[in-house]
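Enquirer: Everything below, folded, please.
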Amino acid sequence: MELNDPRKPIVGGQDPRRIFPYEPALDGLRAIALIGISGYHANIPWLNGGFLGVDLFFVLSGYLITRLMLAEWQGTHRIELVAFWERRIRRLFPGMLFLLAGIVGYAWWLANPALLARMRGDLLSTLFYFNNWWQIARGQSYFEDFAGVSPLHHAWSLSIEEQCYLVLPLFVLFVLKRGKSIVSLFGLLLAGAVVSAVWTAWLHGPISDPSRVYYGTDTRSQEVLMGAALACAFQLGWLPGVALRRYWGLIGGGAGVVLLSVWILSSDASSWLYEGGFFLVSILASVVIAAVSQPAPNRLARLLSIRPIAWLGRISYGFYLWHLVVYLVLTRAATGLQGPALVALRFGATLLMATFSFYVIEQPIRRGALSRRALVVGLLVSSLSLASLAWLATEPRVKPTSIAIGDSLLSPFNGGSMAKGGEGGEETRVLLVGDSIAWSLGNGFLPSFERGTGLEVVNRAMPGCGLAHGPIREHGRESAGNIGSKCEEWPEHWRRYVSEIEPDLVVILVGGWDVYDRQVDGEWLPFGGPRHDQYLKGLLRKATNTFQDAGVPVVWLSTPYYNPEAPASVLPPLISERWRTDHFNALLGEEITSGGSNLYWLDLAEFVCPDTRCLTQYEGGDWRTDGTHFSTLGAQSVGRWLAPQLRDIRRQSLLKANSEGQGESGS
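Expert: Purely as a prediction, here's the structure:
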């Protein structure tokens, strides 16, 4: 049996690193996966499918941990679970705690105030490894996020791995302890992967945004289980090594080329990935892993073992942890760089953080710098301390303050989605609908609309949803489009709101999701082209008619420019192109002109960006920290401007209704 034969047994209590020699080719695979993921997050056009690097990580993890367990079982007919979990903790927790400590500092000093509320959940769910289910529970999309990406946007995959590290050893031990053979274990693992793939395809059908399927442990376990099944095949000797020595490099290289092609040609809008595609990717990854793990070396293994590539793979865990934080700090606005120069700066800075983490934080503890007792105590103290600090650091530091709206002084209140104004007299009930910008506007000024305005505001804006729906395209890169749940059902939602709320006025603010090239009925319509204009005008008219048909006056707000120079801006380049906003507002103006009575226009764009220069500060605070969404202070300022105009519009609509009523009586 060769020294690095995957079937070599582990004697109980032995460190597996002394049995399995270092295999640099596997680290080379980690490096390739890492480049794909970080390139995807850097919006490199030819890595639209780079997020599939996570799948390679999943398959590799399932393969390695099962390989260790089977070798230990072969040597002792035991699997020491405590020792297994201790090794996982030593490997993963130190780097994670170092990252979370850094992010607590980021939250305290640098974070966009709009992110603080959700970062608390992100920090705690990452610390306790349920981040993926946290993302699902709050409806967070992996693929698009205009509200500003959380620095823990990528922690979902680490949570899935930890959940698998907890459950998979128990399952393997249970099967083997019941006297089942490794052949039976192989069959069960492969069947589990197939069931997960089928479940993924079934679940994907009725869901508009695929993030539920993308984040789920149930749907993503297929890759881990495929890797575990590969380990069983190795242990059973089903993959001939020496006999196919000259062919394994070719086989693995071919699978690798196909895998890289999928990364390049696919995108997050590729629905086929959820309908068997992930399963195919896991098979391709398994073939590549099998090729480079052969006892007999081959060309592919030697290529991936080149020292710089393998070294990057060794520090890949820290690189993966830190890359998104670095991307958020080193923005285009902060550095003045863009394109390849910005990518190079971010890569270099992430490399420095990962190197420090690996050699100073991770490796000493992994190699036994702390005893088991010290490790447990240290982790408990560190985790509790970090949880407490995370709670404090993410406490919103901008409270609603008393501001003047019209002639009244408004004080904060603990409101939900409705704010009431006026004492005595009849109130004007205002329904606010639109996208996440409208939501941030309503959510920001609602706590101040308590007394004296004569307004009652109900915020029913839908974050992640514009008027248009379907796949979008940004400079050749396709993605799934709107990220909200069931965005295409906005007409039904709006009609229901009219019935339930009975508003006196409706305020609409949209635009962010409607300035892209859009795929409609299988055809790509370039934004600004005549076909897209016709499509968008139809949607604007439909939106207006939804309320006018119910006799409710409609107030459209023009869309302000997006500000890529904002402190925490992570805006895609396309949405920052001002001609797109101008064109959308021009189409909206045409709709107002031709839309008939009870249709009004308020120029929010001119208020926020007078003479095209966007305001950034209000009373010492940021208006739109991420360049898109209103902070509490910004929303309150808009509220001061908006409230008296809404009261005037209400009076105009009442006068018009009375005049029309008298005219009908006179006739």
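
Enquirer: okay, Gly596: pLDDT?
Expert: In this prediction, Gly596 carries a pLDDT score of 71.

Enquirer: neighbours around it, how many?
Expert: When neighbours are counted by other C-beta atoms under 10 Å, Gly596 registers 11. Just so you know, the C-beta spots here come from the backbone N, C-alpha and C atoms, and that holds for glycine as well.

Enquirer: so who does the nearest residue to it once chain neighbours are set aside touch?
Expert: Leaving aside its chain neighbours, Gly596 sits nearest to Gln548 (7.0 Å; criterion: C-beta to C-beta, 6 or more residues apart in numbering). By C-beta atoms under 8 Å, 6 or more residues apart in numbering, the contact list for Gln548 reads Val554, Gly595, Gly596, Asn598, Leu599.

Enquirer: What ranges does the stretch 551-667 of the chain have for its strands?
Expert: 554-557, 599-602, 617-618, 621-622 (DSSP state E, counting those that start in this stretch).

Enquirer: What's the mean pLDDT across the helix or strand where Met119 lies?
Expert: Element membership for Met119, per DSSP states H and E: helix 113-127. Averaging pLDDT along helix 113-127 yields 71.

Enquirer: care to break the protein down by domain?
Expert: As given by automatic domain parsing, the domain ranges for the chain are 21-393, 413-666.

Enquirer: mean pLDDT for the ones you listed: which is lowest?
Expert: domain 413-666 (a mean of 77).

Enquirer: Quick check: longest helix in this structure by residues?
Expert: Identified as the longest helix of the chain according to DSSP state H is helix 632-666.

Enquirer: What residues of that one count as buried?
Expert: 632-639, 642-643, 646-647, 649-650, 653 (16 or more other C-beta atoms under 10 Å).

Enquirer: Quick check: next helix or strand after the helix or strand where Ser61 lies?
Expert: Here Ser61 sits within helix 53-76, counting by DSSP H and E. Using DSSP H and E, the helix or strand that follows helix 53-76 in sequence is helix 81-109.

Enquirer: Who are the packing partners of that next one?
Expert: Other elements packing on helix 81-109 under the criterion 3 or more C-beta pairs under 8 Å, 6 or more residues apart in numbering; DSSP states H and E are helix 53-76, helix 113-127, helix 156-177, helix 316-329, helix 363-366, helix 372-393.

Enquirer: between those, which gets nearest to Tyr561?
Expert: helix 113-127 (18.1 Å; C-beta to C-beta).

Enquirer: Show me which residues of the helix or strand following the closest one are buried.
Expert: Counting by DSSP H and E, the next helix or strand C-terminal to helix 113-127 is helix 131-137. Neighbour-count burial for helix 131-137 flags Asn131, Asn132, Trp133, Trp134, Gln135, Ile136 (criterion: 16+ other C-beta under 10 Å).

Enquirer: contacts for helix 131-137?
Expert: So helix 131-137 is contacted by 121-122, 125, 142, 152, 155-160, 211-212, 215-217 (C-beta under 8 Å, 6+ apart).

Enquirer: Would you agree Cys164 is in contact with Ser221?
Expert: Yes - counting by C-beta atoms under 8 Å, Cys164 touches Ser221, with 6.5 Å between them.

Enquirer: quick one on the thing from earlier: give me the angle between the helix holding Ser61 and helix 316-329.
Expert: Orientation check (axes from the mean of the first three to the mean of the last three C-alpha atoms, to 10 degrees): helix 53-76 against helix 316-329 gives 160 degrees.

Enquirer: ok, Arg88 - contacts?
Expert: Ile65, Glu162, Tyr165.

Enquirer: out of those, who's nearest Tyr516?
Expert: Glu162 (36.3 Å).

Enquirer: and that closest one, how many residues sit next to it?
Expert: Count around Glu162 with other C-beta under 10 Å applied: 20.

Enquirer: For it, give me its contacts.
Expert: Arg88, Leu92, Tyr129.

Enquirer: Same list (the contacts of Arg88) but as TSV, adding distance to Val457.
Expert: Compiled in TSV, the contacts of Arg88 are given as follows (distance: C-beta to C-beta, whole Å):
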residue	distance to Val457
Ile65	53
Glu162	43
Tyr165	48
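
Enquirer: still on that earlier bit, out of the contacts of helix 131-137, the closest to Tyr535 would be?
Expert: Ser211 (25.8 Å).
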